[in-house]
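**Q** need a 3D model of the sequence below.
(2 chains)
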Amino acid sequence: MRNKVLTAIAALVLFAAATDRQPVAVEFRIPKGWPQPSYDFANNPLTQEGIALGRKLFYDPILSADSIVSCSSCHLSYTAFTHVDHAVSHGIRDRIGTRNSPALMNLAWGRSFMWDGAVNHLDMQALAPISHPDEMGEDFSHVIQKLQRTERYPELFRRAFGDEAITGERMLKALSQFELTLISAYSKYDRVKAGAEVFTQQEAKGYALFLAHCNTCHHEPLFTTGEFANNGLRVDTIYNDLGRMKVTGVPTDSLHFKVPTLRNVEFSFPYMHDGRFKSLRHVLDHYVEGLSPSPTLAAELSNSNSLTKDDRTDLIAFLLTLSDRDFCFDPEHGYPKE
Amino acid sequence: MVRSVAIFFCLLSGLQGLPQDRGRALRFVPFVNAGPLQLDEPLFLPDGTPATITQLRFYVSQIRFFDQGHIAFFDSSCYLVDAGEPKSLLIQADLPRSTHADSISFLLGIDSLNNVSGAFGGDLDPTKGMYWTWNSGYINWKLEGTCTKCTTVKNEFQFHLGGYLPPYFNAQQVGLKVKDEGVITVEVDVSKFFAQALLGGRCSVMSPGKDAVELAKLAASVFSIPSRGEE
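**A** Have a look, this model is predicted:
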């Protein structure tokens, strides 16, 4: 009898030790009514340990050449993971980039990344800022070597991936795991859709205007189609940024930029790929009065619209219902405490 | 009985050479000017221009062995061949020595699917320096060095060939008739590449496009099976 008890205890201890070594699977929950995500989780199953590792990497300036800039430098959780109040972002040694850092959310549904779609997979996105001389200015293989030399990371990689090997693949996949958890789906708009709240009269009017004028490109529930378009911005004479054409080499892609999500748009100012508009009012004024003619201008914008000043105010009232404070202040998204 | 079977197999493997020759393999031998390529050593291009080659790396994938038109072997793996890493020059094929093959083919580079499917490890790990960070995609062929013809900084030339999007899909099929040997030697004669690549002062191609496709076709043409019986 005693032997049996001891055996049982030993089995339990062994079981506990074994489960301690196994990363704990995390289910990816698709918000109700949303499409299937584009990310293939089969190649990178979410685990608590993988997400924790990715989060630590996201907040760690070891990724940059001068160990000062981390991902979060330009993607701050409290402002929907963008560099608030910076038209374009600055990287190591205060070098200034050429584009506005995009807000990070709902990345599992992204089919391409960056304003011009130059990156084709979430896993590979981090390579761009890490190696860009104006951002983190590092060599990726050197980042991996630095991680290997730390005391902390081999253990964190072991927890996430089963052994202490730190490879480029694992590092990128861990970062993806954390980023995939950044889901914003709990705004007032979402609660209204779920029947838990109602729009004010002004918000409802704005929503109707949104459906009539904006929803083709900023398609709900993600508030983007993920496609590229020329939205009538005058070419910036300093950056002379032609957007997607530089990636595809196709002239019809000239001045095409990624349609950004409008979720949390309240926090992600300034707006556009170069951050040229400081407020939502400026953005709407652009769409009504400021469109620059171009052979590649989006067909949706070719007919001038007649949004009155009041319409624009109502539209903004609706756009503010896309703010998701729970997302911005989610303790799981912030700087990881040890 | 067991013993006699064991002896029989020992004899059999003895007939077929050393045990490590059991499988078949591809051995890449980089050449320049009819001699083995030495990285960082001074050399002369076919037209007499002094040059050095500091790096030659390329991906080989989708290796196929054919026997009278039928596929006798297919390997879906991707291999990074690096002139500076002798071990990488030999690619073992997991098939019996007895398999007949009269021709082989491989893709010089990485196919579209592997270019759009996220992070991979091993030879495809982005730490290998064969992945573009600013514009997703693998570099199929990387040749770097110096040449007095180049008016670039330090006379450097850099050919990074890649791209998976149409119309500039970069990876090229290479097909070669082979003698039926255990280890198939494939010569990689980069002088053929230089003869045209550096024409007109072109010293750097580092993005997908028309030039990269043209040079990739050129790169695919530098592979050959030596006509000599022995290496």
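**Q** domain parsing for chain A?
**A** A:2-184, A:188-322 (automatic domain parsing).
**Q** now render the ones you listed as a markdown table, adding mean neighbour count.
**A** Using the backbone N, CA and C atoms, a C-beta is placed for each residue, glycine as well. Putting these into a markdown table (neighbours: other CB atoms under 10 Å in any protein chain shown) gives the following:
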| stretch | mean neighbour count |
| --- | --- |
| domain A:2-184 | 18 |
| domain A:188-322 | 17 |
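**Q** pick out the shakiest of those, pLDDT-wise.
**A** The minimum mean pLDDT among these belongs to domain A:2-184 (a mean of 88).
**Q** hmm, back to that, which among the domains of chain A is found nearest to chain B?
**A** domain A:2-184 (3.7 Å; CB to the nearest CB).
**Q** how far is that closest one from where the chain is centred?
**A** Remark: domain A:2-184 is offset 12 Å from the chain centroid, using CA atoms, centre = their mean, to the nearest Å.
**Q** stretch B:45-53 now?
**A** 22 Å.
**Q** what's in contact with that stretch?
**A** Stretch B:45-53 is contacted from outside by B:32-33, B:37, B:39-44, B:83, B:143-149, B:190-191, B:194-195, B:198, using CB atoms under 8 Å, 6 or more residues apart in numbering or on different chains.
**Q** only the buried members of those residues: can you turn that into a PyMOL selection?
**A** Applying 16 or more other CB atoms under 10 Å in any protein chain shown to the contacts of stretch B:45-53 leaves a buried subset, and the PyMOL line that selects it is:
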select buried, chain B and resi 32+37+43+83+143+144+145+146+147+149+190+191+194+198
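**Q** among the contacts of stretch B:45-53, which lie within strands?
**A** Here DSSP state E is the test, and the contacts of stretch B:45-53 give B:32, B:42-44, B:143-147 as lying in strands.
**Q** contact residues of chain A facing chain B?
**A** A:40, A:43-44, A:118-124, A:127-128, A:130-132, A:140-141, A:144, A:167-170, A:172-173, A:176, A:247-249 (CB under 8 Å from any CB of the partner chain).
**Q** on that earlier part again, any chance of the domains of chain A in a markdown table, plus distance to residue B:225?
**A** As requested, those are arranged in a markdown table below (distance: least, CB to CB, whole Å):
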| stretch | distance to residue B:225 |
| --- | --- |
| domain A:2-184 | 34 |
| domain A:188-322 | 36 |
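**Q** what are the ranges of the helices in the stretch 151-300 of chain A?
**A** With helices called from DSSP state H, counting those that start in this stretch, the stretch 151-300 of chain A shows them at A:153-161, A:168-180, A:188-193, A:201-213, A:245-248, A:280-289.
**Q** sorry, that was for chain B
**A** Remark: helices assigned in chain B by DSSP state H are B:2-15, B:112-115, B:190-197, B:210-220.
**Q** between helix B:190-197 and the strand ranked longest in chain B, find me the angle.
**A** Longest strand of chain B, by residue count under DSSP E: strand B:50-67. Using axes from the mean of the first three to the mean of the last three CA atoms, to 10 degrees, one finds that strand B:50-67 and helix B:190-197 are set 110 degrees apart in direction.
**Q** please identify the buried residues of strand B:50-67?
**A** Neighbour counts using 16+ other CB under 10 Å place B:51-66 of strand B:50-67 among the buried residues.
**Q** ok, it: who's next to it in the sheet?
**A** Applying DSSP bridges, strand B:50-67 is found paired with strand B:42-44 (antiparallel), strand B:70-82 (antiparallel), strand B:103-108 (antiparallel), strand B:139-147 (antiparallel).
**Q** helix B:210-220 and that strand, what's the angle between them?
**A** 70 degrees.
**Q** mean pLDDT lowest where, among the helices of chain B?
**A** Across these, the lowest-scoring stretch is helix B:2-15, with a mean of 38.
**Q** which residues in the stretch 201-338 of chain A form strands?
**A** When assigned using DSSP state E, counting those that start in this stretch, the strands of the stretch 201-338 of chain A occupy the ranges A:228-229, A:257-258.
**Q** save the ones you listed as a markdown table, and put in distance to residue B:130 too.
**A** A markdown table is the format used below for the strands of the stretch 201-338 of chain A (distance: least, CB to CB, whole Å):
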| stretch | distance to residue B:130 |
| --- | --- |
| strand A:228-229 | 27 |
| strand A:257-258 | 27 |
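**Q** ok, which of these comes nearest residue A:315?
**A** Distance to residue A:315, taken as CB to CB, is lowest for strand A:228-229 among the strands of the stretch 201-338 of chain A, at 18.6 Å.
**Q** for the closest one, name the packing helices and strands.
**A** Counting contacts by 3 or more CB pairs under 8 Å, 6 or more residues apart in numbering or on different chains; DSSP states H and E, strand A:228-229 packs against strand A:257-258.
**Q** how far away from the center of its chain is the strand it packs on?
**A** The mean C-alpha position of strand A:257-258 is separated from the chain mean by 14 Å, CA atoms, centre = their mean.
**Q** cool, stretch B:117-134 as well?
**A** With CA atoms, centre = their mean as the basis, the mean position of stretch B:117-134 lies at 17 Å from the chain mean.
**Q** same question, stretch B:208-226
**A** From the chain centre to the centre of stretch B:208-226 is a distance of 11 Å (CA atoms, centre = their mean).
**Q** in it, which residues are buried?
**A** Applying 16+ other CB under 10 Å to stretch B:208-226 flags B:208, B:211-213, B:215-216, B:218-220, B:222-225 as buried.
**Q** give me the nearest residue to residue A:122, chain neighbours excluded.
**A** residue A:176 (5.0 Å; CB to CB, 6 or more residues apart in numbering or on different chains).
**Q** quick one, what contacts the one you found?
**A** Taking CB under 8 Å, 6+ apart as the test, what residue A:176 contacts is A:39, A:44, A:54, A:122-123, B:118-119.
**Q** change it to 6 Å
**A** Residues near residue A:176 by CB atoms under 6 Å, 6 or more residues apart in numbering or on different chains: A:44, A:122-123.
**Q** need phi/psi at the nearest residue to residue B:136 once chain neighbours are set aside.
**A** Leaving aside its sequence neighbours, residue B:136 sits nearest to residue A:120 (CB to CB, 6+ apart; 4.1 Å). Here is the backbone geometry of residue A:120 (degrees, to the nearest 10): phi -100, psi 0.
**Q** my guess is residue A:120 meets residue B:116, correct?
**A** Yes: using CB atoms under 6 Å, residue A:120 is in contact with residue B:116, at 5.0 Å.
**Q** residue B:93: what's it in contact with?
**A** B:23-25.
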